[in-house]
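Enquirer: predicted structure and sequence below. I'll ask about it afterward.
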Amino acid sequence: MARDLDERGAAFLKGGETSQSLTLSDLFDTADDGAVVPRLKAADPPVRANVLYMDPKFTAVISKAVKDVFLPYFDQAIWFQNTSMYHFSMFHTSHHLEPIVATEDEIEAEVKAVKRVADNFCPLKIVLDRVVLTSTGVLLGLWQVQSGTDPAEIRSRLREVLPRAPQKQLYDPVLLHTSFARILGHPKLPEEQSASSFDHVKFFHELVVQVNEKIRGFKATISELWYVEEYDVLALALHGKMKVRRLHLGCNRQGN
């Protein structure tokens, strides 16, 4: 992920694809005052996602550091993840690339299965390993687990209890990462800098270094696994319409 920006360049400045094969114009509009606003579209059928949730008492620290570094250069051409919706995608039982329709009874059965998983796994104590910016303009936090259940084990167990889920999942099975922000436009250049000679990739790397200096090594505890029905496309990321079941990691199984 860290090499992606060097290898592919700042594709997001050209309206490139997102990590889920959607273009930026699919996701955002620009208001009359220049602010970016989500273009919420109904997900049909709704996406069903299982995510680990980060409490706002942790996310506020991260959000402030990211805004302090990036906001002066991007003003309104950047979308910051809502501090009440920082999450780590773990496993989808239906997504837009492979929609799997479910009845209300089937959804309730999925929730009960996920609750059994949550009951048997312990809260995760995690540390921010690094912040990276991808070629699609997403500022990501990559985390390491210091104690608690390994993300790969959580995903493996969810696969076992949710056999109808898509075979192709959208995330690397071992990574634990969350989005902090999404860049949607060109930075404001220093007055003495001409656009033709401006090295965007070098500039973005410098900003990422500044963020890492502020929050690398930041620690958090994750104690909730959410089952989410996203009624809008990317509702978790864009603060759209959704239904959330909050399940606490119960640590019931001896040895976790």
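Expert: Alright, I've got the coordinates. Computed from a predicted model, the values in this text were never measured in an experiment. Numbers count the residues shown, from 1 in each chain.
Enquirer: in the protein, which helix has the most residues?
Expert: Assignment by DSSP state H gives helix 56-74 as the longest helix of the chain.
Enquirer: how far does that one sit from its chain's centre?
Expert: 15 Å (C-alpha atoms, centre = their mean, to the nearest Å).
Enquirer: stretch 81-92 too?
Expert: Average the C-alpha atoms of stretch 81-92, do the same for its chain, and the two points are 5 Å apart (C-alpha atoms, centre = their mean).
Enquirer: only C-alpha atoms, please: export stretch 239-254 in CSV.
Expert: In CSV, the C-alpha atoms belonging to stretch 239-254 read as follows (Å, rounded to 0.1, in the frame of the first residue of the first chain):
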residue,chain,number,x,y,z
HIS,A,239,-22.4,8.7,6.5
GLY,A,240,-25.4,7.3,4.6
LYS,A,241,-28.5,5.4,5.6
MET,A,242,-27.8,2.1,7.4
LYS,A,243,-29.0,-0.2,10.2
VAL,A,244,-26.4,-1.2,12.8
ARG,A,245,-26.3,-4.1,15.3
ARG,A,246,-23.6,-3.4,17.9
LEU,A,247,-22.1,-6.6,19.2
HIS,A,248,-19.5,-6.6,22.0
LEU,A,249,-16.4,-8.7,22.0
GLY,A,250,-17.2,-10.9,25.0
CYS,A,251,-13.9,-12.8,25.5
ASN,A,252,-15.9,-15.9,26.7
ARG,A,253,-13.6,-18.5,25.3
GLN,A,254,-10.8,-19.5,27.5
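Enquirer: now do the helices in the stretch 151-256 of the chain.
Expert: 151-161, 200-215, 235-238 (DSSP state H, counting those that start in this stretch).
Enquirer: what does the stretch 1-150 of the chain give?
Expert: Under DSSP H, counting those that start in this stretch, the stretch 1-150 of the chain gives helices at 4-8, 24-27, 56-74, 104-120.
Enquirer: closest to N50 out of the ones you listed?
Expert: Comparison of the helices of the stretch 1-150 of the chain against N50 by C-beta to C-beta identifies helix 104-120 as nearest, at 5.8 Å. From N, CA and C alone the C-beta is placed, and that goes for glycine too.
Enquirer: contacts for that closest one next, please.
Expert: The set of residues external to helix 104-120 that reach it, using C-beta atoms under 8 Å, 6 or more residues apart in numbering, is 48, 50, 93, 102, 154, 157-158, 161-162, 164, 225, 227, 229, 245, 247-253, 256.
Enquirer: re earlier: can you give me the buried ones in the longest helix of the chain?
Expert: Within helix 56-74, the residues that count as buried by 16 or more other C-beta atoms under 10 Å are F58, T59, I62, S63, A65, V66, V69, F70, Y73, F74.
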